[in-house]
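A.B. asks: Mind folding the following:
(one chain, ligands or ions: 2)
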Amino acid sequence: MDRPLFYPHGARIAVLTQEVVGILDYLAPEGGVRLGQLVVVPLGPRRVMGAVWGPGIGDFDMAKLRPVARLIDAPPLQPEMIEFLTRMGEYTLTPLPSMLRMATRAPDLDQPPSARRVIHRAGPEPERMTDARAAVLRVIDDHGGAGFAPGELAQLAGVSSGVVQGLVKAGTLAETLAPRDTPYARLDPDLPGKPLAPDQADAAQQLRDALGGRRYGTTLLRGVTGSGKTEVYLEAVAECLRQGRQALVLLPEIALSSEFLSRVEARFGARPGEWHSGITRTERRRLWTMAATHHVGMVVGARSALFLPFADLGLIVVDEEHDSSYKQEDVVFYSARDMAVLRASVAGAQVVLASATPSLESWVNAGAGKYARIDLRARYGTAELPEMGAIDLRKQEMEKGRWISPRLAAEIRARKERGEQSLLFLNRRGYAPITACRACGQQVGCDQCDARMVEHRFQNRLVCHQCGETKPVPVACPSCGVEGRMTAIGPGVERLAEEVAERFPEARSTVLSSDLFHSARALKAAIAEISEGETDIIIGTQIVAKGHNFPRLTLVGVIDADLGLQGADMRAAERSFQLMRQVAGRAGREGGDARGLALLQTHQPEHPVIRAILSGEDEEFWDAEAMQRQGAGMPPYGRLAGIILSHPDQPVVEDYARELARRAEPLRAIGAELWGPAPAPIARVRARYRVRMLIRASRQAPVQQAISQWLAHAPKAPANLRLSVDIDPQSFF
Ligand SMILES: Nc1ncnc2c1ncn2[C@@H]1O[C@H](COP(=O)(O)OP(=O)(O)OP(=O)(O)O)[C@@H](O)[C@H]1O
Ligand SMILES: [Zn+2]
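C.D. replies: Ligands and ions are numbered 1, 2, ... in the order given. Below you'll find the model as predicted:
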């Protein structure tokens, strides 16, 4: 994409605004302007932000063109970023204004980089402590040492600014002037890393060699759980830093990964830049600017870190690349893993996709030679992979209202006696998934959604996991009015914790579930305590499956291994396989004489997925999955796109969807199939009716073009209708 890098005063330029109108022509201001420069332009009576996107398009009378109002004092977006945003927009069918918004998601870029007022801790707790004051102090502590703008602090704590000022008067907090946007401490790649095991050293060398070419390439780093993938890819980061380029590491649960940050600090002598929803606005702006000016060498972030304006990006690591949290399904639908590959190919950077259980997509790409592949087949040091077994629930005497089988209970007891930890995994938040009336059988549902309400006993409320709506557990049945017959059906982690407390009264137990902690910091603290051995039995949802190191953990019990198997979703098998292998991988990581054991409670031990998890024959599992997908023309062998429509009125959305489907000529022209419209599996969310269509095409078919054409000629949508396109959908709810 060759666009001039500079536009002299008076030249006709195209400016991409963040508004619906998109790209408009303007005149370059006095002094000229650079490609990618962020600017403020007049739009009707308003002034809006935009970026210089290239030479003018010329569809507007030169005499009527208005000049750019002013330049924003921030580093311009690089041509590479412009190309990435353009190509990603085309791929995901996201309008460019939304793409620009993602790339400029740092606050106050418009303001000069002068000093700013910040609030921080300065003295002892105030003599008079109130709930509001405690809330302020908790927000400060939750964000570590970072300073806050006074307004932001009050807002995050949900209090008035008077409360913050009161704490300043009391001397607990102080307000000072701090310089803004300071560079990050330099990471030193030449500090000695941990000595690597031979297979790790080979893998690190391969990654260094790949980086040496300063060209695009992707490597699948597949290493069994506990094989030390992190140590290996940190060597790739070191090489990238030595070359004077920047490295980005994406993690699925970055807000929880203090262990990872400490490992980086141990390796490089300083902390990396951190980008996720838990950082302050100040930090956000600082990191954005420092990425653009190359004053940060390494960034660790959530998926949106992919849109930071790195000056010279040399490496992107996507850790746990199979993780479903890399897929965003809100406003802009995209897979951060796939877009990392796109960004790297534009930037001439290397990608490392790390996982013990890669996605089928990556496995197929590696098999086809599109990605290089490195395997770490053994755990680091003396640790061995856990022994795996099934507990056939059909043959166990299960008491009513109990979910831990006698066999599993005996293993837990043995661990407790040896001072080892057990982990019970159940991927269900709350107390019980269903609350029903024993008189009439009615289940309590959400008023806004087609979803059951889930009892959360710690909060003493029913919660809708779709929309977050809560209500008290009713005394009388909302349907038949009979009192005192409401009952909990099935287990969630809270109920399992109750069983643990009854059956192992002498054991210390901890429930790990994202909703039970008021902040990421509290959850992090709980995870750290577990690592230090402060608990005997851990009861957790999928957050325990992700990359944690609990040295004393030797037993993993999967309470309901059948839970993920019955889904109609084509990825049900793959997801179950990944999740259970990951959880099992938490056991026995320390080595020594305590080999780990993972037991799956199941009613169908002969199910192919359960058998594959137990056998450890990953290649066979993937081959079988791949064959099935290929036979059905499903991804990665065919292509899918989802269309989701919603409207408060059911007939309105259904009629419109049918009308759209009737006009699907452009899809037929490329040989694509259109399935639906049909009510979505969750047909109502937040009082909006949802209808889905699914498009399937061959791998080479120009699906995006066809969809654009189709939608461009769509009948006028009724007011308040929402339509989203999900290219390569991961979920189908
Ligand atoms: N070369 C090494 N020297 C010392 N310790 C190591 C080395 N390699 C790995 N370890 C240790 O082994 C453990 C597992 O390593 P790591 O967390 O990198 O594994 P992983 O492959 O990412 O595992 P998972 O996929 O389960 O998250 C960690 O405690 C790590 O510190
Ligand atoms: Zn709801």
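A.B. asks: isn't A573 right next to L565, touching?
C.D. replies: Yes. In this structure, A573 is within contact of L565 by CB atoms under 8 Å, at 7.3 Å. Yep, even glycine has a C-beta here, placed from its N, CA and C like the rest.
A.B. asks: who touches both of those two?
C.D. replies: When contacts are counted by CB atoms under 8 Å, 6 or more residues apart in numbering, the set common to A573 and L565 consists of V609.
A.B. asks: part of a strand, is V39?
C.D. replies: Yes. Residue state for V39 (DSSP: H, G, I helix; E, B strand; the rest coil) corresponds to a strand.
A.B. asks: What about it, how many residues nearby?
C.D. replies: By other CB atoms under 10 Å, the residues close to V39 number 22.
A.B. asks: now swap in G369 and tell me
C.D. replies: Neighbours around G369, by other CB under 10 Å: 8.
A.B. asks: List phi and psi for L674.
C.D. replies: phi -120, psi 120 (degrees, to the nearest 10).
A.B. asks: CA atoms only for the helix or strand containing E265, dumped as PDB, please.
C.D. replies: Using DSSP states H and E, the element containing E265 is helix 258-268. Only the C-alpha atoms of helix 258-268 are listed here, as PDB (Å, rounded to 0.1, in the frame of the first residue of the first chain):
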ATOM      1  CA  SER A 258       1.300 -12.000  38.800                       C
ATOM      2  CA  GLU A 259       3.400 -15.100  38.700                       C
ATOM      3  CA  PHE A 260       4.100 -14.400  35.100                       C
ATOM      4  CA  LEU A 261       5.200 -10.800  35.800                       C
ATOM      5  CA  SER A 262       7.600 -12.000  38.500                       C
ATOM      6  CA  ARG A 263       9.100 -14.500  36.100                       C
ATOM      7  CA  VAL A 264       9.700 -11.800  33.500                       C
ATOM      8  CA  GLU A 265      11.200  -9.600  36.200                       C
ATOM      9  CA  ALA A 266      13.500 -12.400  37.300                       C
ATOM     10  CA  ARG A 267      14.600 -13.000  33.800                       C
ATOM     11  CA  PHE A 268      15.100  -9.400  32.600                       C
END
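A.B. asks: So which other helices or strands are in contact with it?
C.D. replies: Secondary-structure packing of helix 258-268 (3 or more CB pairs under 8 Å, 6 or more residues apart in numbering; DSSP states H and E): helix 229-242, strand 298-301, helix 520-531.
A.B. asks: What distance do you get for whatever residue of the stretch 251-400 of the chain ends up closest to ligand 2 to R303?
C.D. replies: In the stretch 251-400 of the chain, the residue that lies nearest ligand 2 is D330 (15.9 Å; CB to the ion). Using CB to CB, to the nearest Å, D330 is found at 11 Å from R303.
A.B. asks: who's in contact with A439?
C.D. replies: A439 neighbours (CB under 8 Å, 6+ apart): C477, C480, V482, R485.
A.B. asks: re earlier: got CSV for the helices and strands packed on helix 258-268, with distance to ligand 2 and mean pLDDT too?
C.D. replies: Formatted as CSV, the helices and strands packed on helix 258-268 follow (distance: least, CB to the ion, whole Å; pLDDT from 0 to 100):
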stretch, distance to ligand 2, mean pLDDT
helix 229-242, 38, 96
strand 298-301, 30, 96
helix 520-531, 24, 82
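A.B. asks: and these as a markdown table, adding mean neighbour count?
C.D. replies: Converted to a markdown table, those look like this (neighbours: other CB atoms under 10 Å):
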| stretch | mean neighbour count |
| --- | --- |
| helix 229-242 | 23 |
| strand 298-301 | 23 |
| helix 520-531 | 18 |
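A.B. asks: Quick one: closest of these to E125.
C.D. replies: helix 520-531 (18.0 Å; CB to CB).
A.B. asks: So what angle separates the directions of the closest one and helix 258-268?
C.D. replies: 80 degrees (axes from the mean of the first three to the mean of the last three CA atoms, to 10 degrees).
A.B. asks: Partner strands of the helix or strand just after helix 520-531 and their direction?
C.D. replies: Remark: after helix 520-531, the chain's next helix or strand is strand 537-540, criterion DSSP H and E. If you go by DSSP bridges, strand 537-540 pairs up with strand 421-425 (parallel), strand 509-512 (parallel).
A.B. asks: and ligand 2, which of those is closest to it?
C.D. replies: Per CB to the ion, nearest to ligand 2 of the strands paired with strand 537-540: strand 509-512, 23.7 Å.
A.B. asks: How far does that closest one sit from its chain's centre?
C.D. replies: 23 Å (CA atoms, centre = their mean, to the nearest Å).
A.B. asks: pLDDT (mean, whole number) over it?
C.D. replies: The average pLDDT within strand 509-512 is 90.
A.B. asks: now swap in stretch 372-391 and tell me
C.D. replies: 89.
A.B. asks: Could I get the contacting residues of R379?
C.D. replies: Contacts of R379 by CB under 8 Å, 6+ apart are V224, T225, G226, S227, G228, L385, R589, G591.
A.B. asks: got the residues of the stretch 551-700 of the chain near ligand 1?
C.D. replies: Where the stretch 551-700 of the chain comes near ligand 1, counting by CB under 6 Å from any ligand atom, the residues are G585, R589.
A.B. asks: For the nearest residue to L555 once chain neighbours are set aside, give me its contacts.
C.D. replies: Leaving aside its sequence neighbours, L555 sits nearest to S422 (CB to CB, 6 or more residues apart in numbering; 4.2 Å). Shown in contact with S422 (CB under 8 Å, 6+ apart): E411, I412, R415, K416, D536, I537, I538, L553, T554, L555, V556, G557.
A.B. asks: Next, the third one: secondary structure please.
C.D. replies: At R415, secondary structure determined by three-state DSSP is helix.
A.B. asks: do the same with the first one
C.D. replies: Assigned by three-state DSSP, the conformation of E411 is helix.
A.B. asks: burial measure for it, as a count.
C.D. replies: Neighbours around E411, by other CB under 10 Å: 20.
A.B. asks: Go ahead and confirm it touches G596.
C.D. replies: No. Using CB under 8 Å, E411 makes no contact with G596, being 11.4 Å away.
A.B. asks: any common contacting residues for those two?
C.D. replies: Joint contacts of E411 and G596 (CB under 8 Å, 6+ apart) are L555.
A.B. asks: Helices along the stretch 401-550 of the chain, start to end?
C.D. replies: In the stretch 401-550 of the chain, the helices defined using DSSP state H, counting those that start in this stretch lie at 406-418, 493-503, 520-531.
A.B. asks: List the buried residues for stretch 54-66?
C.D. replies: With burial defined by 16 or more other CB atoms under 10 Å, the residues of stretch 54-66 counted as buried are G54, G56.
A.B. asks: And the average pLDDT for it is what?
C.D. replies: 83.
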